[in-house]
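Colleague: Need a 3D model of the sequence below.
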Amino acid sequence: MEKAAAEEYEETWAWTWGAGTDGQLGNGGFQDHHLPQPLLLPPPCRGRVSFVAGGGAHAIALTSDGEVFTWGRGTHGQLGHGNVENIPHPKFVKFFENYTVTCVSTGWNHSGFATASGQLFMCGDGSFGQLGTGDNQSRNLPFEVPFFTSKHVENLALGMRHSLVLLKDNSVYGFGSARRGQVGKSASKNQKFYNIPRLIDGFPNCKILGLYANGDHSAALDESGQLYLWGRTLVGERDDDQPRAAFPSMSISQVALGWHHALVLSGGELYTIGAYRHQKHTPTLSENAVVQQLNLTTTSSTHHESSSKSNLEKVPSIEGEQVAQIAAGTEHSALVTGSGALFTWGWGEHGQLGLGDTCDQVVPQRVNLGDRSSRSSASSLGVYCGSGFTVAVSLA
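Modeller: Numbering: from 1, shown residues only. So this is what the prediction gives:
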């Protein structure tokens, strides 16, 4: 089996590494790997994978023509195959064979899919109402969320046990776990969850381009590059139940959220917000990274101003290059430079940094993907993080 797989995928174009005990590496096995392994996506997918979403221990690959493949932990039905089995290799989600899926996202044990016609389908764990179906039942097949049947869903982002949805009319909805304010204002402090989508207000008159979620954090980015944060605090000392504009002096182009940290990209330069629990000391200066502490404030109501300062750590350059793409897992991070070089850092216990060991790293370290450059020089590289695993794909 391994020999046949190696021959079929000898020109590797997709890789995974890190935690693998639920099959989330998609390499046919159920064990951790500390170095990049071939991801067994079907050969016809080469050059067609446009995005990969990584969850607690499962993943979704979306192709440019709207096909969906899932793999990994399926114990709550989050793979959408009509069962609760773990699957160690990417499998086409037959439910969507007559749909064109345009956006996918993964939570800890739930999955979301938006279609070209604006429909929203969810599956997996529903115990906190994170499927938005009006109950707390789990589902092992994608189920259309009734609340949005007369609306047009454009974007979605799933956190650990909550979900965010952006509509074509620019409104944002949240549902699922509500303990940290991640789905907006609650009717009472004792409200633990909402199983029906709720409008999240508090945004100024702006066009929202994207939503982001991980852990109990929620975020949005508008067309001017303004970042909005709510839910579990990343900036300041208190959780927030409505969107707050963060770092108004910056124009941000990309956002990636972890459980205790976030990455933001502005002008090709990388910044981190928050802290890694596995980072025991302040990073030292090196040839690859220079950490500069900046005090920037969020715009917020008066009672937040005294606690709204945050250390924004800047990595001005990676080998003299600008950063092209960023990704974050539970406690680890990844980036791709303009020339296609891949770097990882943070928590490494399961080998999710792809460096051949289980060590934590406080500054970005380069990941070796073999002789990719000699065979895929015309393609760019995409990197995506699950909670304790990482996926890299050569893009068209």
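Colleague: where does the stretch 201-350 of the chain dip in pLDDT?
Modeller: 275-310, 316 (pLDDT under 70).
Colleague: how about the strands in it?
Modeller: With strands called from DSSP state E, counting those that start in this stretch, the stretch 201-350 of the chain shows them at 208-214, 217-222, 227-231, 240-246, 254-257, 261-266, 269-274, 292-297, 309-315, 323-328, 332-337, 342-346.
Colleague: and among these, the most buried is which?
Modeller: Highest mean neighbour count among the strands of the stretch 201-350 of the chain (mean count of other C-beta atoms under 10 Å): strand 227-231, with a mean of 27. Heads up, the C-betas are built off the backbone N, CA and C, glycines and all.
Colleague: Show residues contacting that one.
Modeller: The contact list for strand 227-231 (C-beta atoms under 8 Å, 6 or more residues apart in numbering) reads 159, 162, 180-184, 200, 202-203, 216-222, 235, 239-247, 250, 252, 255, 264, 298.
Colleague: For the strands of the stretch 201-350 of the chain, please prepare CSV with the additional fields distance to residue 64.
Modeller: Formatted as CSV, the strands of the stretch 201-350 of the chain follow (distance: least, C-beta to C-beta, whole Å):
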stretch, distance to residue 64
strand 208-214, 19
strand 217-222, 23
strand 227-231, 28
strand 240-246, 31
strand 254-257, 20
strand 261-266, 23
strand 269-274, 27
strand 292-297, 37
strand 309-315, 31
strand 323-328, 17
strand 332-337, 19
strand 342-346, 21
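Colleague: Not counting sequence-adjacent ones, nearest residue to residue 323?
Modeller: residue 270 (4.7 Å; C-beta to C-beta, 6 or more residues apart in numbering).
Colleague: ok, that neighbour - contacts?
Modeller: Neighbour list for residue 270: 263-264, 314-315, 318, 323, 326, 335 [criterion: C-beta under 8 Å, 6+ apart].
Colleague: Okay, helices next: where are they in this protein?
Modeller: Along the chain, counting by DSSP state H, helices occupy 2-8, 302-305, 372-375.
Colleague: These: lowest mean pLDDT?
Modeller: For these, the weakest mean pLDDT is recorded on helix 302-305, namely a mean of 31.
Colleague: ok, so what distance separates residue 203 from residue 268?
Modeller: Distance, residue 203 to residue 268, by C-beta to C-beta, to the nearest Å: 27 Å.
Colleague: Show me what counts as buried in stretch 59-67.
Modeller: 59-63, 67 (16 or more other C-beta atoms under 10 Å).
Colleague: Distance from that stretch to the middle of the chain?
Modeller: 15 Å (C-alpha atoms, centre = their mean, to the nearest Å).
Colleague: now what about it, what contacts it?
Modeller: 24, 26, 41, 45, 48-53, 68-72, 90, 92, 96, 99-106, 111, 113, 115-116, 384, 386, 389, 391, 393, 396.
Colleague: and with 7 Å instead?
Modeller: 24, 26, 41, 45, 48-53, 68-72, 90, 92, 100-102, 104, 106, 111, 116, 386, 391 (C-beta atoms under 7 Å, 6 or more residues apart in numbering).
Colleague: before we move on, what about stretch 256-267?
Modeller: Outside stretch 256-267, the residues that touch it by C-beta under 7 Å, 6+ apart are 212-215, 217, 219, 227, 234, 250-255, 270-277, 323, 326-331, 333.
Colleague: Right, I'll leave it there.
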